[in-house]
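# take this sequence and fold it.
(one chain, ligands or ions: 2)
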Amino acid sequence: MESHSEIVETMLNIDNVTVSFSGFKAVDGLSLKIEERELRVVIGPNGAGKTTLLDLICGKTKATSGSVKFRGTELTVLPEFKIVRAGVGRKFQNPSIYEELSIQENLEISIPQAHSVRRSLFFRRTPEIREQIASVAEQIRLSSQLKKKAGLLSHGQKQWLEIGMLLVQDPELLLLDEPVAGMSHKEREQTGELLRSIAKGKSLVVIEHDMDFVRSIAQRVTVLHQGRLLAEGTVEEVQADPRVIEVYLGN
Ligand code: ADP
Ligand code: MG
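Ligands and ions are numbered 1, 2, ... in the order given. Here you go, the predicted structure:
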């Protein structure tokens, strides 16, 4: 008999992964699962291996051993561009937008068919693409400023634009490294809303330091320490965990 209950599939399955840099294990025997429409926050002290974890998922850094499966596809053997095509979008700590182009143009050239700016000038005129750009622009709160040069945006708005540049690629999994660093309180709140709205249809892995922000967005939190999993649970659970307090939250 057919089941009518919704099947929640594991989106990402990291199994016993180690990343060694000439003998030093930045990630050490780590296993982690991310489900569909999950918003996972990863915290941990400096050097815990958080950025390396994202580099590993997106193929920027190769695993020394272990497996990373995205919807059953092994990612550790794929080059970065194939991982992007498979549906994984990565945002780095510093926004990499085109300052001289308008917000609209930045979004347009991020659409997958647009392999060059010139081709994108052709593609962007289709109604479907206009609609997609308009909807992403609204989600990232930049609808009223589409014609503005990206270089003129505030730091926070540049971060949103970069998230928007990922969203137009329609990835199933987004990886965000410290997305609210340098943002005002208001911008942090609005980013929290943005991430929660994204998580209605996609999975996210978000690295973050600001515990107030973590509390405002997190469902489950993973705590890394020395490349290993130290704790995992709700914000309340990890905040009450003596090991987490000792290595991370104590000071
Ligand atoms: P986090 O993002 O949690 O602060 P990272 O993942 O950036 O930590 O780094 C984890 C550890 O791995 C650190 O000790 C860092 O110095 C080391 N590391 C990161 N990348 C490299 C690299 N390319 N070569 C050598 N060591 C690295
Ligand atoms: Mg980092």
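# quick one, helices of the stretch 1-150 of the chain?
Applying DSSP state H, counting those that start in this stretch to the stretch 1-150 of the chain gives helices spanning 50-58, 80-86, 103-108, 117-123, 127-139.
# my bad, should have said the stretch 151-251 of the chain
Remark: helices of the stretch 151-251 of the chain, listed N- to C-terminal, are 155-167, 185-198, 211-217, 235-240, 242-244; assignment by DSSP H, counting those that start in this stretch.
# adding mean neighbour count, write those helices out as TSV.
(Each C-beta comes from the backbone N, C-alpha and C, glycine too.) Supplementary listing: these in TSV, determined by neighbours: other CB atoms under 10 Å:
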stretch	mean neighbour count
helix 155-167	22
helix 185-198	17
helix 211-217	18
helix 235-240	16
helix 242-244	14
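# I'd like to know which of these is closest to residue 87.
Among these, the nearest to residue 87 by CB to CB is helix 155-167 (11.1 Å).
# what are the buried residues along stretch 224-233?
By 16 or more other CB atoms under 10 Å, the buried positions in stretch 224-233 come out as 224, 225, 227, 229, 230, 231, 232.
# got it, and stretch 63-76?
Neighbour-count burial for stretch 63-76, with 16+ other CB under 10 Å as criterion, is recorded at 63, 64, 66, 68, 69, 70, 75, 76.
# got these as a markdown table, with pLDDT columns?
Conversion of the buried residues of stretch 63-76 to a markdown table gives the following (pLDDT from 0 to 100):
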| residue | pLDDT |
| --- | --- |
| 63 | 97 |
| 64 | 97 |
| 66 | 98 |
| 68 | 98 |
| 69 | 97 |
| 70 | 97 |
| 75 | 97 |
| 76 | 97 |
